[in-house]
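Peer 1: Sharing a sequence plus its predicted fold:
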Amino acid sequence: MDRASAREESRRMRIELTGVEKEYRSGGRALPVLAGVDLAIESGASAAVVGPSGSGKTTLLGLMAGLDHPTRGEVRLGDTRLSDLTEDGRAEFRAANVGFVFQTFHLLASLRAVENVQVPLELQPGRRRSGPGDLRRRAEGLLARVGLGDRLEHYPAQLSGGEQQRVALARAFVTEPRILFADEPTGNLDRRTGSQIIGLLRELNQERGTTLVLVTHDEEAASGVDHLFRMQDGALEQLR
């Protein structure tokens, strides 16, 4: 294996959930959301989770990303068991390894497109090794990759919904994450623009070996992935 291949392989990260349950408390009662979920997605693969609203899809995604912790069960990303990490440790782990694309973009209104994309780089562990010029060049490169090389200095309010989602996608990939989670990434877009976003997600997944997990209602987004899961009443079924 050559050096480039070895580096790429070292960046890959598997996802594994074992017996994961999640419940919330309300008025002294337990409200179950997830019931004994088992899941395995190999490094570099793509997966989609479909199912009706309220079935637990977004909760599952948050647990996989370490944004929340399960009531019972285990979540592993690569060799790391998330329950072994403190809250600060999970945040640092995410900054180093995980990208996230949201349905509502979550761009910072006071920052230009290129500045929004730079934010994860500035928060990433080891950032002092790169100067401001290097960070900007990396952000510019990703924006050009998603077709926004001429929108670097535009604020979010000056961009269409599809352009804002492209900025969010560039921001998620700029740190070269080992895993990318996307929560309804086409939910606020028209069908044509949504298709373009899904195409970019797939291209970047394949080019960079990033493990990709989508939560979606979009049939096109769910087609063509390596693994397809359906969530229903807190239970997960693998369809392929």
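Peer 2: That came through, no problem.

Peer 1: Could you write out the alpha-carbon coordinates of the top helix by length along the chain in PDB?
Peer 2: Scanning the chain for the helix with the most residues, using DSSP state H, yields helix 191-208. What follows is helix 191-208, C-alpha atoms only, in PDB (Å, rounded to 0.1, in the frame of the first residue of the first chain):
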ATOM      1  CA  ARG A 191     -36.300  18.900  -6.300                       C
ATOM      2  CA  ARG A 192     -33.700  20.000  -8.900                       C
ATOM      3  CA  THR A 193     -31.500  21.700  -6.300                       C
ATOM      4  CA  GLY A 194     -32.000  18.800  -3.900                       C
ATOM      5  CA  SER A 195     -30.800  16.400  -6.600                       C
ATOM      6  CA  GLN A 196     -27.700  18.500  -7.000                       C
ATOM      7  CA  ILE A 197     -27.000  18.500  -3.300                       C
ATOM      8  CA  ILE A 198     -27.400  14.700  -3.100                       C
ATOM      9  CA  GLY A 199     -25.100  14.400  -6.100                       C
ATOM     10  CA  LEU A 200     -22.400  16.400  -4.300                       C
ATOM     11  CA  LEU A 201     -22.800  14.400  -1.100                       C
ATOM     12  CA  ARG A 202     -22.200  11.200  -3.100                       C
ATOM     13  CA  GLU A 203     -19.300  12.500  -5.000                       C
ATOM     14  CA  LEU A 204     -17.500  13.700  -1.900                       C
ATOM     15  CA  ASN A 205     -18.300  10.500  -0.100                       C
ATOM     16  CA  GLN A 206     -16.700   8.500  -2.900                       C
ATOM     17  CA  GLU A 207     -13.800  10.800  -3.500                       C
ATOM     18  CA  ARG A 208     -12.700  11.200   0.100                       C
END
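
Peer 1: Could you look up the SS state of the closest residue to G187 other than its chain neighbours?
Peer 2: In space, and not counting its chain neighbours, G187 is closest to Q103: 4.1 Å by CB to CB, 6 or more residues apart in numbering. (Glycine included, C-beta is placed from N, CA and C.) What DSSP: H, G, I helix; E, B strand; the rest coil gives for Q103 is coil.

Peer 1: list the contacts for Q103?
Peer 2: Under the criterion of CB atoms under 8 Å, 6 or more residues apart in numbering, the neighbours of Q103 are 183-185, 187-188.

Peer 1: who wins for most neighbours among those residues?
Peer 2: Within the contacts of Q103, P185 tops the neighbour count with 27 neighbours, counted by other CB atoms under 10 Å.

Peer 1: Quickly list what the spatially closest residue to that one that is not a sequence neighbour is bridged to.
Peer 2: Ranked by CB to CB, 6+ apart and with sequence neighbours excluded, the top spatial neighbour of P185 is V101, at 4.8 Å. On the basis of DSSP bridges, V101 takes part in beta bridges with A182.

Peer 1: follow-up on the earlier one: tell me the one of the contacts of Q103 nearest L121?
Peer 2: P185 (21.1 Å; CB to CB).

Peer 1: give me phi/psi at that closest one?
Peer 2: When quoted as degrees, to the nearest 10, the phi and psi of P185 stand at phi -70, psi -10.

Peer 1: All the strands of the protein, in order from the start?
Peer 2: Along the chain, the segments classed as strands by DSSP state E run 15-26, 29-41, 46-50, 72-77, 80-81, 98-101, 179-183, 211-215, 227-232, 235-238.

Peer 1: And the fourth one, what's buried?
Peer 2: Going by neighbour count (16 or more other CB atoms under 10 Å), the buried part of strand 72-77 is 73, 75-77.

Peer 1: picking that back up, reformat the contacts of Q103 into TSV and put pLDDT and distance to V174 next to each item.
Peer 2: TSV is the format used below for those (pLDDT from 0 to 100; distance: CB to CB, whole Å):
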residue	pLDDT	distance to V174
D183	90	19
E184	87	21
P185	86	16
G187	82	22
N188	81	22
